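Engineer: Pasting the sequence and the predicted coordinates here, then a few questions.
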Amino acid sequence: MIDRKIKFLAGFLFLFVFFLTGQPVRAAGASLYFSPGSGTFFVGSTFDVSVFVNTGGEDINAVEINVKFDPRKLQIASPTAGRSFIEVWVAQPTYDNVKGEMSFLGGLPSPGINTSAGLVSTVTFRIISPGETTVLFLDTSKVLRNDPEGTDILTSIGRGVYNLVIPPPEGPKIFSLTHPDTNKWYKDNNPTFCWEKEEGVTDFSYSFSQDSTEIPDNVSDGDHVCVSYGDVEDGIWYFHVKAKKAEVWGGTSHYSVQIDTTPPAIFTPVVEPAPRTIERQPLVSFITTDALSGISHYELKYIDITPERKEETVGFFREVSSPYKLTPLEIGKYLIVIRAYDLAGNWREGTVKIEILPEGIFFTGKGIQYRQFIVPWWFLIFILIIVLAIIFRSLWKKYKNLSEKRKTKLEERNIKFET
């Protein structure tokens with residue numbers, strides 16, 4: 001529906017100027033890019049990213065721009081600010097801080113715009129957690145040339161890569177022996193924090209929360225320089241500490257920890273062409289998700305479970321990517337084990353049984369297979385229905401013919417009787 005709207009808008013605006021000027025249009029390639037395309041910013045602060053279009057020397061009069069960002073690291077505080085060359089918004093700029101999506105859809109009257117830096121909008125992002133993050137243009141984005149068809153001339157899309165860091169310490173320098181890297185995810189949910197103590201410091205006040213900008217109160221928690229927390233829930237947490245010196249509380253330092261104790265989501269590998277096959281190297285596909293840290297990698301091994309063999313042959317795990325073509329297997333039964341690891345080191349196993357068969361005709365879940373050819377069940381059922389229909393039609397014809405013959409004989413008998 002949106003695609004029709006934007007093409008209609010582009011075509012309408014083009015025809016308006018075409019009938020006035022009669023100017024032809026040439027094809028070219030347009031590009032989309034972010035400015036700045038990179039940078040380092042502090043957690044808890046905001047920064048602006050502008051969306052620009054380079055028309056590639058062509059006149060364009062409509063754009064559809066769809067952007068993806070990581071909602072675990074960024075949130076949109078304002079979807080649009082400042083100037084824009086867009087004059088007609090087909091749909092108002094929208095964003096979703098849960099899915100991490102943002103969209104712009106609009107244009108301007110003919111002859112449109114021909115520019116290397118056309119500002120679509122400026123977006124204000126709020127930084128909610130540390131780490132490197134990427135803001136992307138989705139493949140559904142379009143830049144439409146000023147012609148009746150609304151030709152999409154987008155050929156190049158950029159990306160924004162941003163480094164999000166904890167603000168520099170304003171108080172004691174913090175470190176952690178259990179969670180030394182603030183950009184890394186850990187499955188250890190018992191963090192310990194320590195901090196330096198300057199000459200003359202008498203007290204410290206500290207807190208532990210999921211608020212990156214929290215300031216501890218002015219109540220002393222003692223003069224010790226280490227503290228531990230146990231059974232911390234999954235998520236991104238922040239330790240805050242400040243020091244008291246000469247009866248004055250100083251600035252606050254912040255330290256982040258990323259905890260993920262939950263394995264990836266349950267998944268089941270899929271085997272092609274089928275779990276029972278004569279193919280000696282079947283293809284195994286697998287995919288899953290992880291709610292917090294994300295998927296790191298997959299590992300695979302197979303176990304020979306053929307009953308005729310005396311001992312099970314167990315392979316070793318190797319790192320693989322999906323889809324994965326198995327090494328040549330002998331005739332028999334195997335258990336394929338896939339492990340999905342998240343970035344914290346948690347893992348989840350998905351398994352599937354396969355059977356390598358000798359050549360011949362055999363039944364599978366998808367149909368009847370001979371070598372690499374599978375006749376699907378739906379096709380066989382369809383053929384069966386046709387055959388039954390033909391048989392029924394033939395029987396019906398025979399029945400009709402017999403009925404006609406009987407009717408004729410009865411009529412002949414009646415005529416003889418009457419005479």
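Structural biologist: Sure thing, it's come through. Since the model is a prediction, treat every value here as computed from it, not as a measurement.
Engineer: What is the burial count for the spatially closest residue to Y206 that is not a sequence neighbour?
Structural biologist: Beyond its immediate neighbours in the sequence, the residue positioned closest to Y206 (CB to CB, 6 or more residues apart in numbering) is V241, lying 4.0 Å away. All C-beta spots, glycine's among them, are computed from the backbone N, C-alpha and C. The burial count assigned to V241 is 25, neighbours taken as other CB atoms under 10 Å.
Engineer: Could you do N66 as well?
Structural biologist: By other CB under 10 Å, the residues close to N66 number 17.
Engineer: List the contacts of it.
Structural biologist: Going by CB atoms under 8 Å, 6 or more residues apart in numbering, N66 touches E101, M102, S103, F137, L138, T140, S141.
Engineer: In space, what's closest to the fourth one - neighbours in sequence excluded?
Structural biologist: Counting by CB to CB, 6+ apart, F137 lies nearest to I157, which is 4.1 Å off, once chain neighbours are set aside.
Engineer: Quick check: bridge partners of that neighbour?
Structural biologist: L32 (DSSP bridges).
Engineer: now L105
Structural biologist: Partner residues in beta bridges with L105: E64, A91, with DSSP bridges as the criterion.
Engineer: list the contacts for S322?
Structural biologist: Contacts were defined as CB under 8 Å, 6+ apart; by that measure S322 touches V284, S285, F286, I287, Y298.
Engineer: what do you get for L74?
Structural biologist: G100, F125, R126, I127, I128, T133, V135, L164.
Engineer: Let's see the PyMOL selection covering just the buried ones among those.
Structural biologist: When burial is assessed using 16 or more other CB atoms under 10 Å, the buried subset of those is captured in PyMOL by this command:
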select buried, resi 100+125+127+128+133+135+164
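Engineer: Which of the contacts of L74 scores worst on pLDDT?
Structural biologist: Lowest-confidence member of these: I128, scoring 89 (pLDDT).
Engineer: Touching, the residue nearest to F137 and S141? I think so.
Structural biologist: Yes - counting by CB atoms under 8 Å, S141 is a contact partner of I157 at 6.6 Å.
Engineer: who has more neighbours, these two?
Structural biologist: More neighbours sit around S141 than around the other of I157 and S141, counting by other CB under 10 Å; the figures are 20 against 17.
Engineer: and the more buried one, how far is that from A30?
Structural biologist: S141 sits 10 Å away from A30, taking CB to CB, to the nearest Å as the criterion.
Engineer: Overlap of the contact sets of those two?
Structural biologist: With contacts taken as CB under 8 Å, 6+ apart, S141 and A30 have L154 as neighbours in common.
Engineer: just checking, V53 touches L144?
Structural biologist: No - the pair V53 / L144 is not scored as a contact, 10.7 Å apart, by CB under 8 Å.
Engineer: Pull up the overlap in contacts between these two.
Structural biologist: Counting by CB under 8 Å, 6+ apart, the shared contacts of V53 and L144 are I60, V63.
Engineer: ok, these two, which is more surrounded?
Structural biologist: A count of neighbours by other CB under 10 Å puts L144 above the other of V53 and L144, at 26 against 23.
Engineer: Name the SS class of the more buried one, please.
Structural biologist: Assigned state for L144: strand (three-state reduction, DSSP: H, G, I helix; E, B strand; the rest coil).
Engineer: That one against I113, yeah?
Structural biologist: No - in this structure L144 lies outside contact range of I113 using CB under 8 Å: 11.6 Å.
Engineer: residue contacts, V257?
Structural biologist: Residues touching V257, when contacts are defined by CB under 8 Å, 6+ apart, comprise S176, H179, T182, Y186, P191, V232, I236, W237, Y238, F239.
Engineer: Show me these that map onto strands.
Structural biologist: Judged by DSSP state E, strands contain the following of these: Y186, I236, W237, Y238, F239.
Engineer: Scan those and report the most crowded one.
Structural biologist: Counting neighbours by other CB under 10 Å, F239 comes out on top of those with 24 neighbours.
Engineer: Now for F193: which residues touch it?
Structural biologist: With CB under 8 Å, 6+ apart as the criterion, the residues that contact F193 are I174, F175, S176, Y206, C226, V227, S228, F239, V241, Y255.
Engineer: what does L154 give?
Structural biologist: Neighbouring residues of L154 by CB under 8 Å, 6+ apart: G29, A30, S31, L32, S141, K142, V143.
Engineer: before we move on, the earlier item: kindly indicate which of the contacts of V257 lies nearest V43.
Structural biologist: Distance to V43, by CB to CB, is smallest for Y238 among the contacts of V257, at 8.3 Å.
Engineer: my read: that closest one touches S209, true?
Structural biologist: Yes - shown here, Y238 and S209 form a contact pair, counting by CB under 8 Å, at 6.2 Å.
Engineer: Which stretches in the stretch 51-200 of the chain count as strands?
Structural biologist: Counting by DSSP state E, counting those that start in this stretch, residue ranges of the strands within the stretch 51-200 of the chain are 60-68, 74-81, 88-96, 101-107, 118-127, 131-137, 142-145, 154-157, 159-165, 174-175, 185-186, 192-195.
Engineer: okay, the angle between the fifth one and strand 60-68?
Structural biologist: Relative orientation of strand 118-127 versus strand 60-68 (axes from the mean of the first three to the mean of the last three CA atoms, to 10 degrees): 20 degrees.
Engineer: Report the central residue of the protein.
Structural biologist: Here the mean C-alpha position of the chain is nearest to the C-alpha of T289 (CA atoms, centre = their mean), at a distance of 8.7 Å.
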